[in-house]
Structure formats: C-alpha cells, structure tokens
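In: here is a sequence together with a model predicted from it:
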Amino acid sequence: METTPWKHCLEQLEGELSTQQFDTWIRPLHVIEKNGSVRLLAPNRFVQDWISERYLSRIQELLSNSHPSKEKVLVSLDVGSRKPKTENEAHVQEFKSPISNKTSTDRPVKNSSNNLNSSFTFKAFVEGNSNQLARAASIQVAENPGGAYNPLFICGGVGLGKTHLMHAIGWQAMEKDPSAKIAYLHSER
C-alpha cells in the first residue's frame, strides 16, 4: 500500500511533536489533496491560526520533501462538514446567545452591578507561553458568545490570570454589545 504525502507528513510530525501538541493541533485537521495542492481543514479559527503561524512552514517542507510536485498548502476552516456529534450537542446548539453580534465603538460604561474590574482587559493582560491558549480561547468566547469554547473552563494556579481573563471577556462582550447583561460573581462572596 502506497503512503500518501500527507500520511508521510503526519508520521514525521508525530515523531517531532509531543503527543499533546500532535493531538491538539495536527490530529483534528482534515485534508483534501487536489490539483497539486493540499488543503488543511481546521475545526475552528483558533486551530487555523495556530497551524498557520506555527506549523505551516514545517508541513510545507515535509510535503515538498516527500512529494515535490505539491505546489502549495492552504489552511482553511472546515465549516461545511460540522455536524453535532451527539444528541446532547444537537440540543446545545439550538440555544442562541442573548448577546447580539452588533458592534459598537462606545467604551463600556462601568456598571456597579456587573462587578467587573475595569483594569482587567485583554489589552492589559500579560501574555506568555503558558497562557496563550487561555487568552486566545477567551477572546473567541468574547467575540462569539455561546459559540466556540462553550462552556469555557480555565484552570490554573494562583496569580496566573484566570480572573483577569474572565473580566476581560465581560468587558469585550460589553464593548461588542453595550446592552448585554454581564455579571461577574465571585464564588466566595
């Protein structure tokens, strides 16, 4: 049985990356090989961006080494084939977020009833290697409430930015829709 260029690329990447990296970023990709090009279909925008920024050049290199006639590699969203995997997911997708998709240039007004700390925004968040994924997922939640990463769980040690990200999500959602009803409730109060 002949190994396809993509299967060869997968084998190489699996040997080069940690199991967690491979399973998180490479395994979810679907591939279409057509007319001398390879199209990688990512399950969501975050994976698409991550692959484009961190792995695309290596994938291109591996594919051209194993099959020089492959002209280019494209990464795009796999929006056409997404179907609910279980009956429960089908029911969850029926619910719509109360936050609309309209945007506003108005800065959210501090509402004393929402309990959000105005200094905890995405602009003020210090991003590092350990929290890139959490920050990116939080931005996706703020931009697309009820869509990607629903529900969002953020776990980590003390002082790593969990509360900061939750407040930033609230502020970003209010910036996107000033009429949104946002409340931050502390578990110990």
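Out: In hand now; what should we look at?
In: hey, let's count contacts and neighbours off CA atoms from now on
Out: OK.
In: which parts of the chain are helices?
Out: Along the chain, counting by DSSP state H, helices occupy 5-16, 19-21, 45-54, 56-66, 87-94, 132-143, 162-176.
In: so how many other residues sit close to the nearest residue to residue 56 once chain neighbours are set aside?
Out: Spatial nearest neighbour of residue 56, excluding adjacent residues (Cα to Cα, 6 or more residues apart in numbering): residue 73 at 7.7 Å. Counted with other Cα atoms under 10 Å, residues neighbouring residue 73 total 20.
In: what is residue 73 paired to in the beta sheet?
Out: Note on residue 73: beta-bridge partners by DSSP bridges are residue 38.
In: you'd agree it is up against residue 40?
Out: Yes. Between residue 73 and residue 40 a contact is recorded at 7.3 Å, counting by Cα atoms under 8 Å.
In: tell me the spacing between the residue nearest to residue 56 and residue 11.
Out: Using Cα to Cα, to the nearest Å, one gets 17 Å for the distance from residue 73 to residue 11.
In: just say which of the helices of the chain is most tucked in.
Out: Stretch with highest mean neighbour count among the helices of the chain: helix 162-176 (a mean of 23; mean count of other Cα atoms under 10 Å).
In: relative to helix 132-143, how tilted is that helix?
Out: On the basis of axes from the mean of the first three to the mean of the last three Cα atoms, to 10 degrees, helix 162-176 is oriented at 30 degrees to helix 132-143.
In: that concludes my questions; thank you for your assistance.
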